[in-house]
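Q: Here you go, sequence then predicted model.
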Amino acid sequence: MERVVQFVGPRDVEVAEHEREPLPTGHLRVRTRYSGISAGTELTAYRGTNPYLTRTWDAEARLFQDGAAGISYPVAGWGYSEVGEVTEVSPELTDTPDMPAVGDLVWGIWGHRSEGIVPAARMAGHTLPAGLEPLAGAFARVGAIAYNAVLGAGLHLGEDVAVFGQGVIGLLATRLAQLSGARVTAVDALDVRLETARQYGAERVLNARTDAVAERIREATGGLGADAAIEISGAYPALHEALRSVAVDGRVVASGFYQGDGAGLRLGDEFHHNRVQLICSQIGGVPPHLAGRWSVERLQRTFLRLVAEGKVEVKSLVSHVVPVEEAADAYRL
């Protein structure tokens with residue numbers, strides 16, 4: 001039997017069992033070791049705020065259409081941060097270059113399932129780098145999301161960047177921005193996260209609840225403002241403060257998954273008067289000017305290489321490891 005974590009309604013989680021399916025041609029079967037819970041995108045389905053639950057995405061028109069839901073409960077097998085062991089490979093894939101073999105540890109996306117049946121095209125080159133702990137493989141996708149935002153910010157050596165939100169992805173963005181040569185100001189509402197941000201390379205930390213963030217950033221940059229800001233919390237007030245914090249013609253990268261109407265966001269203020277560039281970073285693609293050399297696949301592989309080389313540390317970002325039977329408790333946490 002295969003076990004799958006699914007949402008049967010808002011904030012209602014169960015572990016369902018299904019019969020194992022035969023392996024189709026052109027696929028691999030992977031037994032899951034770890035599957036990371038996304039505290040952003042995934043929790044929108046758990047809480048019932050995801051736009052797909054109330055509207056339909058028209059992929060051809062690139063628009064959400066009202067009138068029908070694109071997905072409905074039960075929502076099964078969400079999750080995009082998996083690592084596991086290959087247990088079966090479709091016979092015709094033998095000797096295919098870069099194709100994992102039985103027994104290899106691999107990273108990829110197959111959801112919160114005890115095993116995944118994954119198309120071979122999505123697994124080529126996904127063998128875990130030598131010496132890397134299996135748990136680190138669960139960070140390939142979230143690391144790529146952070147990496148994408150940093151590339152979108154277009155940072156240069158010696159520039160100032162503010163990173164709003166110091167959860168897992170925000171901390172990784174802080175570290176990657178620092179590795180890129182920027183001076184990082186980390187912003188969050190929780191002091192414990194700000195303490196960790198210092199360990200990840202932040203030169204300054206500001207508490208969004210107690211500090212006048214934009215004013216402090218301008219003071220620290222001689223009145224100029226940050227060259228760029230990355231907003232990764234998905235909170236509209238944080239996005240607004242990011243717009244207030246950058247220099248004239250500065251850039252703000254919106255990398256969070258914002259929900260509902262934009263309460264707290266006033267685009268007639270600093271955004272308008274300082275001619276701020278507001279761009280979206282979303283893991284469906286890389287910044288357009290880099291698309292000739294970079295891809296989402298390269299983002300993921302490069303991030304894991306940086307982890308394997310000891311330049312980015314991920315193990316301490318894991319707060320809890322729970323058995324699948326306790327999935328409902330994990331989501332409540």
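A: Nice, I can see it. Residues are numbered from 1 along each chain as shown.

Q: Ala69 - how many residues pack around it?
A: Using other C-beta atoms under 10 Å, Ala69 has 13 neighbouring residues. Placement of C-beta: from N, CA and C, glycine included.

Q: which SS class is it?
A: coil (DSSP: H, G, I helix; E, B strand; the rest coil).

Q: residue contacts, the closest residue to Arg29 other than its chain neighbours?
A: Using C-beta to C-beta, 6 or more residues apart in numbering and skipping the chain neighbours, the partner closest in space to Arg29 is Glu88 (3.9 Å). When contacts are counted by C-beta atoms under 8 Å, 6 or more residues apart in numbering, Glu88 is found next to 23, 28-29, 102.

Q: so which of those residues would you say is closest to Ala242?
A: Checking the contacts of Glu88 against Ala242 with C-beta to C-beta, the nearest one is Leu28 at 41.1 Å.

Q: Burial check on that closest one, number of neighbours?
A: Should you count by other C-beta under 10 Å, Leu28 turns out to have 29 residues around it.

Q: Paired strands for the helix or strand hosting it, with orientation please.
A: Secondary-structure assignment from DSSP states H and E places Leu28 in strand 27-35. In the sheet, strand 27-35 lines up against strand 82-89 (antiparallel), strand 115-119 (antiparallel) (DSSP bridges).

Q: Next, the buried residues of the last one.
A: Read it as strand 115-119. Of the residues in strand 115-119, those buried under the neighbour-count criterion (16 or more other C-beta atoms under 10 Å) are 115-118.

Q: I'd like those as CSV, with distance to Gly131 and pLDDT appended.
A: Rendered in CSV, the data for the buried residues of strand 115-119 read as follows (distance: C-beta to C-beta, whole Å; pLDDT from 0 to 100):
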residue, distance to Gly131, pLDDT
Glu115, 25, 96
Gly116, 24, 96
Ile117, 28, 97
Val118, 24, 97
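
Q: on that earlier part again, list only buried entries from the contacts of Glu88.
A: Burial by neighbour count, 16+ other C-beta under 10 Å: within the contacts of Glu88 this picks out 28-29.

Q: and the contacts of Glu88 as CSV, adding pLDDT?
A: CSV is the format used below for these (pLDDT from 0 to 100):
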residue, pLDDT
Leu23, 96
Leu28, 97
Arg29, 98
Val102, 96
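
Q: who touches stretch 324-333?
A: Judged by C-beta under 8 Å, 6+ apart, the contacts made with stretch 324-333 from elsewhere in the structure are 3, 5, 11, 13-15, 37, 43, 46, 112, 114, 320, 322.

Q: The closest residue to Leu43 other than its chain neighbours: neighbouring residues, count only.
A: Setting aside the residues directly before and after it, Leu43 is nearest to Tyr331 in space (C-beta to C-beta, 6+ apart), at 7.5 Å. As a burial measure, Tyr331 scores 18 neighbours (other C-beta under 10 Å).

Q: Then Gly285?
A: A count of nearby residues for Gly285, using other C-beta under 10 Å, gives 14.

Q: mind pulling up the phi and psi values for it?
A: phi -170, psi 170 (degrees, to the nearest 10).

Q: Check Asp58 too.
A: Main-chain torsions, Asp58, degrees, to the nearest 10: phi -90, psi 100.

Q: For this structure, which segments count as helices?
A: For the chain, the helices identified by DSSP state H occupy 41-47, 140-153, 168-179, 191-199, 213-220, 236-245, 270-273, 296-308, 327-332, in order along the chain.

Q: Identify whichever of those helices lies nearest to Gly84.
A: Gly84 lies closest, by C-beta to C-beta, to one member of the helices of the chain: helix 140-153, at 12.4 Å.

Q: Now do the closest one: which elements does it pack against?
A: helix 168-179, strand 226-231, strand 246-254, helix 296-308 (3 or more C-beta pairs under 8 Å, 6 or more residues apart in numbering; DSSP states H and E).

Q: got those as TSV, with mean pLDDT and mean neighbour count columns?
A: Supplementary listing: these in TSV, determined by pLDDT from 0 to 100; neighbours: other C-beta atoms under 10 Å:
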stretch	mean pLDDT	mean neighbour count
helix 168-179	98	26
strand 226-231	98	29
strand 246-254	98	21
helix 296-308	97	19
